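Engineer: Need a 3D model of the following:
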Amino acid sequence: MAQSIRRAAVAGSWYPSDPRVLASEVDAYLSAAGSPSVPGRVVGLISPHAGLFYSGPVAAYGYSLLRGLRALTIVLVGPSHHAAFEGLALSGRGAWETPFGAVPVDVDLAERLLAASPLFIESPRVHADEHSLEMQLPFLAHLVADLRIVPILMGTQSRAEVGALAGALTKILPGSGALLVASSDLSHFHQARTANAMDAVVVDHVERYDEDGLMACLELSHEHACGGGPMVAVMKAARALGATQARVLRYADSGDVGPLDKSRVVGYLSAALLAAEA
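Structural biologist: Predicted structure coming up:
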């Protein structure tokens, strides 16, 4: 039976479709990020998902921590920008197309998650046009030769969905060696001073590893982050998997690149969730 392939939705527009051009761009961002020093083992990352030109310079700070890894399973958790649904939508089979080659889904982990909560559904349709998880793959597929993924989109990002996802990940992931990635941009299309002040609230909650405070903040206003639910769920699951602190690696907004337009910006955050070294 032929393997089902989830076709890249934004290759050639949000990031280069030519693997040589894409590798050069990703390497440039990683080089500029350098080698951030973190006090512990990476359990999870928070990473932005805008077009690579805008969010890549920030995302590189988190993904630079994965240099040298040859094999890795990544559980990707992001928001749905295009499909409206309730629950947690898994892309549980086949592989995802990237300019660097197809990245297989970890079918065993996906099936175990599907069985862990009735809120999980398997829905390739929901994933077909979504960019929030795809935008993590230019870095991941370039850095990790033997990469497997478990792609999850959150529907309403409600407290119930956050709890169900965090609980399932806590139950299924111990011993798997999988790493968590929450995909989220921060505030959208405010003047930079306003955006930076709004984003500072999220950054502060992340830096203090205050996932409950962040959830309460998001319930008051979803304007703070488009992927706030994924952030909270990953923070909760990472804590249960041993993370005890968060390190904010980089914050910027879209006005920091390109034409330097500060009148209408989007905020980007890269952060690592860390466990003490064994």
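
Engineer: Report the residue spans of the stretch 1-150 of the chain with pLDDT below the cut-off.
Structural biologist: 1-2 (pLDDT under 70).

Engineer: make it 50
Structural biologist: 1 (pLDDT under 50).

Engineer: what ranges do the helices span in it?
Structural biologist: 19-33, 52-63, 107-114, 124-127, 137-143 (DSSP state H, counting those that start in this stretch).

Engineer: Other residues contacting the shortest one?
Structural biologist: Okay, so that is helix 124-127. By Cβ atoms under 8 Å, 6 or more residues apart in numbering, the list of residues contacting helix 124-127 from outside reads 4, 6, 80, 83, 85, 89, 91, 93, 133, 151, 153. Heads up, the C-betas are built off the backbone N, CA and C, glycines and all.

Engineer: Looking at strand pairing, list the partners for the spatially most central residue of the chain.
Structural biologist: Residue closest to the average C-alpha location in the chain (Cα atoms, centre = their mean): residue 183, at 2.6 Å. Beta-bridge partners of residue 183, counted by DSSP bridges, are residue 47.

Engineer: quick one: it and residue 45 touch, right?
Structural biologist: No: using Cβ atoms under 8 Å, residue 183 is not in contact with residue 45; the gap is 9.4 Å.

Engineer: hey, what's in contact with both of these two?
Structural biologist: Common neighbours of residue 183 and residue 45 (Cβ under 8 Å, 6+ apart) do not exist.

Engineer: Residue 60 and residue 270, how far apart?
Structural biologist: Distance from residue 60 to residue 270, counting by Cβ to Cβ, to the nearest Å: 8 Å.

Engineer: if we can go back for a sec, of the helices of the stretch 1-150 of the chain, which approaches residue 264 most closely?
Structural biologist: Of all those, helix 52-63 sits nearest to residue 264, with 12.6 Å by Cβ to Cβ.

Engineer: which residues touch the closest one?
Structural biologist: With Cβ under 8 Å, 6+ apart, helix 52-63 has contacts from 14-16, 25-26, 29-30, 32-33, 36, 45-49, 135-136, 138-140, 143, 185, 249-252, 254, 256-258, 266, 268-272.

Engineer: Ok, stretch 12-21 next?
Structural biologist: By Cβ under 8 Å, 6+ apart, stretch 12-21 touches 8, 11, 22, 25, 50-52, 56, 99-100, 131, 135, 138.

Engineer: rerun that using 7 Å as the cut-off
Structural biologist: Contact partners of stretch 12-21, identified using Cβ atoms under 7 Å, 6 or more residues apart in numbering, comprise 11, 22, 25, 51-52, 99-100, 131, 135, 138.

Engineer: Now do the end-to-end distance for it.
Structural biologist: One end of stretch 12-21 to the other measures 11 Å (Cα to Cα, to the nearest Å).

Engineer: For it, which residues meet the burial criterion?
Structural biologist: 14-16 (16 or more other Cβ atoms under 10 Å).

Engineer: Kindly report the same for stretch 85-105.
Structural biologist: Buried residues in stretch 85-105 (16+ other Cβ under 10 Å): 87-92, 94-100, 103, 105.
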